[in-house]
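> Model the following, please.
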Amino acid sequence: MKQLNRPAFVWCALSFSLLILLGCASPEQRIKKNPELFQSFPPDVQELVKQGQVAIGFTAEMVTMALGEPNRIYSRVTSGGTSDVWSYTGKKSSSDRQRVSADIRYRDSDGRYRSANEWVWVDVARETEYEKTRIEFLDGKVSAIETLEQ
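Numbers count the residues shown, from 1 in each chain. I've put the predicted structure just below:
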């Protein structure tokens, strides 16, 4: 039996690094992009935004500065009215080793190319998205915060 030696964690690490470089901006970077808006926030709000945290009563601009743009926006309708719910997601990476049938090409002792069907083990990387934070807005202000406790 032949075994492919490509550790899945290398691919996961490369993918994660690429995500960070391409667009997972930090609160610091968002503050640098819009310092005037940040300076208009009260000092206690500024401190929470710097830490990437939100609190009840925050406006949409404050939440965006602290957490970035939401991954999804839901509209919640209840007997009390309609509210917007912003959802922030994360990703978990995992790996499974699976046995698969593969056509292998090789050279025989005479130098000719041959093909053979062999069972090989391969690492299959999986990425699972999960919801880590939900922010509910009523009348333009944060009215509820849900976070995933792991």
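> Spatially central residue (nearest the centroid) of the chain, please.
In the chain, the residue lying closest to the centroid (CA atoms, centre = their mean) is Gly90, at 3.4 Å.
> Excluding chain neighbours, what is closest to that residue?
Leaving aside its chain neighbours, Gly90 sits nearest to Lys132 (4.6 Å; criterion: CB to CB, 6 or more residues apart in numbering). Where C-beta positions appear, they are placed from N, C-alpha and C, glycine not excepted.
> residues contacting that neighbour?
Residues in contact with Lys132, defined by CB atoms under 8 Å, 6 or more residues apart in numbering, are Tyr88, Thr89, Gly90, Thr147, Leu148.
> would you list those residues in CSV and tack on distance to Val100 and secondary structure?
Shown next, in CSV, are the contacts of Lys132 (distance: CB to CB, whole Å; DSSP: H, G, I helix; E, B strand; the rest coil):
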residue, distance to Val100, secondary structure
Tyr88, 36, strand
Thr89, 30, strand
Gly90, 30, strand
Thr147, 39, strand
Leu148, 34, coil
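> quick one: which of these has the most company?
The most crowded member of these, judged by other CB atoms under 10 Å, is Tyr88 (19 neighbours).
> can you pull up the bridge partners for that residue?
Under DSSP bridges, the beta-bridge partners of Tyr88 are Thr133.
> My guess is it contacts Tyr130. True?
No. Under the criterion of CB atoms under 8 Å, Tyr88 lies out of contact with Tyr130, with a separation of 10.4 Å.
> quick one, strands of this structure?
Secondary structure of the chain by DSSP state E: the strands cover 2-3, 72-78, 81-107, 113-138, 141-147.
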